[in-house]
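> Got a predicted model here, sequence first, then my questions.
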Amino acid sequence: MAVTIFALMASNYLGKLLRFTTFGESHGSRIGGIVDGFPAGIPIDMELIQFQLSRRKPGQSALTSPRSESDEVEILSGVFDGISTGAPIGFQIVNKDKKSGDYDHLKEVYRPSHADFTYAKKYGIRDHRGGGRSSARETANWVVCGSLARHLLHDIKIHSYVEQIGPIICPHPWEELDLRSVDQYATRCPDLETSNRMTDWIEKMKEERDSTGGVIRCVVTGLEVGLGEPIFGKVQARLGEALFSLNAVKGVEFGTGFQAAAMRGSEHNDVWKKDKSMKSNHAGGILGGITTGEPLHFRLAFKPTATIGKAQTALNQKNETITLEAQGRHDPCVVPRAVPIVDALTAFVLADLMLENKTRRP
């Protein structure tokens with residue numbers, strides 16, 4: 001029985017010394033979570049948390065889902081007079097703009113490339129309203145947790161941006177972009193010409209009742225040397241566990257990633273200089289699973305949104321083949337809204353690794 005209970009818990013938490021557990025569904029009354037292991041005595045900036053939530057929420061522009069949620073977070077415990085107490089930090093976000101009736105036509109239908117079928121077979125029951133627990137609505141919780149973790153990172157800077165939407169790719173390397181200007185663009189690609197082309201592509205997908213995927217790059221600067229474990233618990237493994245939890249992520253690569261397969265060792269090796277910096281950073285800021293102090297950078301590939309209005313073949317619970325034209329409110333491209341989620345998950349994992357690192361040396 002104990003093993004069964006643990007298995008049920010294991011799918012709803014992330015982290016080791018710093019851990020969060022979440023609850024809620026897309027069309028439930030509310031979502032929320034608990035952050036445990038958060039140090040006492042840390043002033044909590046609620047404006048920072050709310051700002052990060054506003055970056056993720058739907059209805060930001062014509063490129064996103066029209067669902068209108070204020071996403072106002074309420075702290076329930078663990079903070080007193082604006083300062084963390086060391087107790088678990090509990091929070092909730094009320095779901096206000098639910099239109100569950102829009103999903104009645106999906107009650108007995110398994111949407112293509114969605115979690116409907118696998119959830120039904122795994123649990124014997126599923127919430128068809130917006131995907132229930134499998135909905136990206138859950139990720140608002142992650143943004144709260146990651147925003148709390150940012151309070152522990154001090155001078156560490158995390159910047160994610162959209163590098164690609166469909167076939168449109170930003171031609172500039174991240175070093176040449178102003179990553180602080182990401183939010184000035186609806187696509188969250190900080191290059192005006194590329195962003196405009198991405199916008200045109202997403203609008204084309206909307207007109208055709210279709211969807212598109214893309215790529216996000218994340219860059220972290222100011223990291224100390226030595227975060228991560230050399231065997232199990234490598235930085236890329238810990239980050240990978242978190243980032244692959246994002247619904248639409250199909251691939252994560254660090255540094256040169258898959259391009260390294262075509263390189264020679266003499267090309268790929270990062271050589272140390274006397275000042276302990278590197279002449280190159282093909283490894284993406286990680287050697288042997290441990291941070292080098294160089295910028296940590298990685299890319300995430302997102303598949304196209306599964307729920308589309310375009311007619312397609314689907315299967316229902318009676319094992320009948322039907323034609324489905326999905327209704328409801330959906331993003332034609334989830335990638336721009338995923339940027340703050342990538343930031344949040346990265347912040348949480350790094351904060352957890354920093355706390356863990358404090359146990360390694362006096």
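Received it, and whenever you're ready, just let me know what you need. Numbering: from 1, shown residues only.
> C-alpha from now on. contacts and neighbour counts both.
OK.
> All the strands of the stretch 101-250 of the chain, in order from the start?
Taking DSSP state E, counting those that start in this stretch as the criterion, the stretch 101-250 of the chain contains strands spanning 109-110, 157-165, 168-169, 214-221, 249-254.
> any chance of those in JSON lines, with mean neighbour count and distance to Arg150 too?
Output for the strands of the stretch 101-250 of the chain, formatted as JSON lines (neighbours: other Cα atoms under 10 Å; distance: least, Cα to Cα, whole Å):
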{"stretch": "strand 109-110", "mean neighbour count": "21", "distance to Arg150": "38"}
{"stretch": "strand 157-165", "mean neighbour count": "25", "distance to Arg150": "9"}
{"stretch": "strand 168-169", "mean neighbour count": "16", "distance to Arg150": "30"}
{"stretch": "strand 214-221", "mean neighbour count": "22", "distance to Arg150": "12"}
{"stretch": "strand 249-254", "mean neighbour count": "17", "distance to Arg150": "22"}
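> Relative to Asn319, which of those is closest?
When the strands of the stretch 101-250 of the chain are compared by Cα to Cα, strand 109-110 sits nearest Asn319, at 9.4 Å.
> how about the strands of the stretch 101-250 of the chain, which one is nearest Pro230?
strand 249-254 (16.3 Å).
> Now the closest one - C-alpha only, PDB.
The C-alpha coordinates for strand 249-254 follow below in PDB (Å, rounded to 0.1, in the frame of the first residue of the first chain):
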ATOM      1  CA  VAL A 249       8.300  19.700 -25.200                       C
ATOM      2  CA  LYS A 250       9.700  17.000 -27.500                       C
ATOM      3  CA  GLY A 251      13.400  17.800 -27.200                       C
ATOM      4  CA  VAL A 252      16.000  19.500 -25.100                       C
ATOM      5  CA  GLU A 253      19.600  20.100 -26.000                       C
ATOM      6  CA  PHE A 254      22.400  21.800 -24.100                       C
END
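> Okay, now the unreliable bits of the stretch 101-250 of the chain?
101-102, 104, 130, 132 (pLDDT under 70).
> rerun at 80
The model of the stretch 101-250 of the chain has pLDDT under 80 over residues 101-108, 127-134.
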